[in-house]
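Trainee: Generate a structure from the sequence data that follows.
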Amino acid sequence: MMKCFGWGIAMALFLTSCGPVDREGVSLASYETSATEALVREIIRTLPDVNPGVTKSYSISLGEIILGRDFTPASVPFMKRFADMKVRMVSASVLAVVPPDNMIVDPDLRVASFVIQIRTMKQTKGNEWEYEVGWSYKKLFQRQTWTVTDDNGTFTAKAGPVLDGNWKPAVKP
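Mentor: The predicted structure follows:
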């Protein structure tokens, strides 16, 4: 009995030391790679300017977001990788929700924040990863697949099909 109890404690400590994991059991901390950095850079570069002229903030969440309960913010060292982009990065752990429509805002600037969700990451080849990524801003959102390829240290992110969302870009006449 005591042997099983000790084994159970050891297993519980091991599992909690791994931190949050995705639905496949992969540690979300392992998402913070050069491939994911290239992906986030491309996403920020290509996000629509849905509110022209208004200051924007960006935050990164890893894995699933369970409404009102659970999410995993990207680490501060990972977010610091984007300092050269001259955009405001805010930890998802400090974002605020404001009434009446539960808008997610940067608590310092009190402006809406883009939330970039790296929902899943899977290595499909030695130099290629497939991601499912979502973004949201106010009531707008989009979820799509992306592929990131490493060509000798040069990472390229390519957008795939849109899976879900309500963002409809304006059609030019």
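Trainee: distance between the ends of stretch 97-112?
Mentor: End-to-end distance of stretch 97-112: 9 Å, with CA to CA, to the nearest Å as the criterion.
Trainee: for that stretch, the distance to its chain's centre please.
Mentor: Put simply, stretch 97-112 sits 18 Å off its chain's centre (CA atoms, centre = their mean, to the nearest Å).
Trainee: What residues of it count as buried?
Mentor: Buried residues in stretch 97-112, counting neighbours by 16 or more other CB atoms under 10 Å, are found at I104, V105, D106, A112. Every C-beta, even on glycine, is put in place using the N, C-alpha and C of the backbone.
Trainee: Stretch 123-132 now?
Mentor: Buried residues in stretch 123-132, defined by neighbour count with 16+ other CB under 10 Å: W129, Y131, E132.
Trainee: Make CSV out of those residues and add secondary structure, distance to V76 and pLDDT.
Mentor: Formatted as CSV, the buried residues of stretch 123-132 follow (DSSP: H, G, I helix; E, B strand; the rest coil; distance: CB to CB, whole Å; pLDDT from 0 to 100):
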residue, secondary structure, distance to V76, pLDDT
W129, strand, 23, 96
Y131, strand, 22, 96
E132, strand, 24, 96
